[in-house]
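Novice: The sequence and its predicted three-dimensional model are supplied below.
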Amino acid sequence: MFNFAAKFETGLSYSAFLDKYGNGDQKSRWGAVHEQVQLSADQKALLGSFKRDMKLLVLAGAWCGDCVNQCPIFDHIEAATPKIQFGYFDRDANPDLADAISICGGHRVPTVVFVSEDGHFCGIYGDRTLARYRQMAETQLGPACPTGIGSPDKSMLQQVTAEWINEIERVQLMLRLSGRLRQLHGD
């Protein structure tokens, strides 16, 4: 199995990722979405209540419309809790990671790999949330790729934020209820 824990150590922070891989226009689009993301008080309280450390590897592309509309959410989540660390990886510069987490036969982005504090693989989620796929199913036929040029609908941004937090909470509960980690932490 791929060593996600070792790979995490080579990841970039949100801002370092954008500085290295984003051009001016891409940074502007990511920044515009970043300004729109708002975590509710309940979401912040939930994230702040986490007990287990988690490492999340994000395979992304600064050019990717889905990344534009989701990765800024991750930056807000990371700021809300010291228990979650994100490491960002450019899809094209990390073919080993892209191959290891291929979804539906492709190198889709953004894709997030969840790793426990002691380096165990816990799950994978991406490239879009259910709310986004439902919206796309209602409006499109055939293959399409959002450009990220237009801002996401505020309601959709809130739904996608909630769905990412739900998935992160799911893995946090997996870690919190793990017999191995409960024994390690005495809880």
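Specialist: The structure has been received and is ready for your questions.
Novice: Quick check: buried residues in the helix of greatest length in the chain?
Specialist: In the chain, assigned by DSSP state H, the helix with the most residues is helix 154-177. Buried residues in helix 154-177, counted by 16 or more other Cβ atoms under 10 Å: 157-165, 167-169, 171-172, 174-175. No exception for glycine: its C-beta is placed from N, CA and C like everyone else's.
Novice: Name the next helix or strand downstream of it, please.
Specialist: Next in sequence after helix 154-177, counting helices and strands by DSSP states H and E, comes helix 179-185.
Novice: list the helices and strands the helix or strand harbouring His34 packs on?
Specialist: Assessed by DSSP H and E, His34 sits inside helix 24-36. With contacts taken as 3 or more Cβ pairs under 8 Å, 6 or more residues apart in numbering; DSSP states H and E, helix 24-36 sits against helix 14-21, helix 65-80, helix 154-177.
Novice: now those helices in JSON lines, with mean pLDDT and distance to Asp92?
Specialist: Converted to JSON lines, the helices and strands packed on helix 24-36 look like this (pLDDT from 0 to 100; distance: least, Cβ to Cβ, whole Å):
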{"stretch": "helix 14-21", "mean pLDDT": "98", "distance to Asp92": "9"}
{"stretch": "helix 65-80", "mean pLDDT": "97", "distance to Asp92": "12"}
{"stretch": "helix 154-177", "mean pLDDT": "94", "distance to Asp92": "23"}
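Novice: Of these, which is nearest Gln183?
Specialist: helix 154-177 (12.0 Å; Cβ to Cβ).
Novice: how much space between the residue nearest to His120 when sequence neighbours are not counted and Val115?
Specialist: Nearest non-adjacent residue to His120, counting by Cβ to Cβ, 6 or more residues apart in numbering: Ala5, 7.8 Å away. Separation of Ala5 from Val115 (Cβ to Cβ, to the nearest Å): 6 Å.
Novice: swap in Ala62?
Specialist: 23 Å.
Novice: same check, this time on Leu57
Specialist: Counting by Cβ to Cβ, the gap from Leu57 to Val115 is 7 Å.
Novice: sorry, back to before: which strand or helix spans the residue nearest to His120?
Specialist: Applying DSSP H and E, one finds Ala5 within helix 4-8.
Novice: before we move on, the earlier item: identify the contacts common to Ala5 and Val115.
Specialist: Shared contacts of Ala5 and Val115 (Cβ atoms under 8 Å, 6 or more residues apart in numbering): Lys55.
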